[in-house]
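Visitor: after the sequence you'll find the predicted model.
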Amino acid sequence: MCRELLESAGSLVIRHVDRLSARRLHALSAALQDAQATGQQESLWVVVTLSETGANDDLADLLRLFPSTVELPPLRHHIEDLHELVPFFLARLNLQGRLSSSPEAMQLLLRSNWPGNTEQLWQVLRRVAQHRRSGSISPNDLPPECWTVSRRLLSPLESMERDAIVQSLLDYEGNKVKAAESLGMSRATIYRKIHEYGIVTPAS
């Protein structure tokens, strides 16, 4: 890190500094101060990102080295940005530019709440690009998490159950009775789970 700060030019983004240990925070602060002392800030623009808004003493000391702060709202508060973010991410994931989103898939993406913000969107599209190299992404290409509109973060066990329900609904083209039977659930249970997880059922 010290080498990049002292020798690089352009822009340097250090993500999730709030996850660094106290030792690494001290090392980063020292490197930034050394870079400032050499006038490196004239050729290198440094930005850090945080996942949490709170700051302990070590992090507060680091943040004092940055003159301005920009707070980004959650992706769900500016969901219309997906019309630009999705093509941008797909272009980075598929350099040939042969992968795009269908209107139906985009509509599903727009209905999601994205608790993980743009990082979650990037990971979703990355997984899609691993099995579809070209053409238009359809709703069925999207992972189960895109078929839900719930803002509640699910436990690993709940996520597995939700994924199984979504996949079964896709397999049976939205037929809840057949999906419930394949999962060994009663019809009442699958209806309750669909509501609980905010699952968007595919058209039958």
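Guide: Arrived safely, thanks for sending. The structure presented is a predicted model; accordingly, all values stated were derived computationally and were not measured. Residues are numbered from 1 along each chain as shown.

Visitor: would you map the strands across the protein?
Guide: Assigned by DSSP state E, the chain shows strands spanning 10-14, 44-48, 99-101, 135-137.

Visitor: how about the residue nearest to the spatial centre of the chain, nearest residue that isn't a chain neighbour?
Guide: What sits nearest the mean C-alpha location of the chain, by CA atoms, centre = their mean, is Gln120, with 1.4 Å. With CB to CB, 6 or more residues apart in numbering as the criterion, Gln120 has its nearest non-adjacent residue at 5.5 Å, and that residue is Trp114. For the C-beta atoms, the positions are set from N, CA and C on the backbone; glycine is no exception.

Visitor: which residues are contacting stretch 115-125?
Guide: 72, 74-75, 82, 85-86, 89-90, 93, 109, 114, 142-143, 145-146, 151, 153 (CB atoms under 8 Å, 6 or more residues apart in numbering).

Visitor: kindly recompute the last result at 6 Å.
Guide: 74-75, 89, 114, 153 (CB atoms under 6 Å, 6 or more residues apart in numbering).

Visitor: just the buried subset of those residues, written out for ChimeraX, thanks.
Guide: In ChimeraX, a selection of the buried entries from the contacts of stretch 115-125 looks like this (16 or more other CB atoms under 10 Å):
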select :75,89,114
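
Visitor: determine which two of the contacts of stretch 115-125 are furthest apart.
Guide: Maximum pairwise distance among these (CB to CB): 22.4 Å, between Phe89 and Leu153.

Visitor: ok so, going back, how about the contacts of stretch 115-125 in JSON lines, adding distance to Glu181 and pLDDT?
Guide: Shown next, in JSON lines, are the contacts of stretch 115-125 (distance: CB to CB, whole Å; pLDDT from 0 to 100):
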{"residue": "Pro74", "distance to Glu181": "38", "pLDDT": "85"}
{"residue": "Leu75", "distance to Glu181": "37", "pLDDT": "88"}
{"residue": "Phe89", "distance to Glu181": "38", "pLDDT": "94"}
{"residue": "Trp114", "distance to Glu181": "32", "pLDDT": "86"}
{"residue": "Leu153", "distance to Glu181": "30", "pLDDT": "73"}
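
Visitor: burial check on Ser68, number of neighbours?
Guide: By other CB atoms under 10 Å, 5 other residues sit near Ser68.

Visitor: hey, where'd the helices end up in the protein?
Guide: Ranges of helices in the chain, per DSSP state H, are 2-7, 22-37, 57-63, 82-93, 103-111, 117-131, 156-171, 176-183, 187-197.

Visitor: which of the contacts of stretch 115-125 sits closest to Leu59?
Guide: Among the contacts of stretch 115-125, and counting by CB to CB, the member closest to Leu59 is Pro74, at 21.2 Å.
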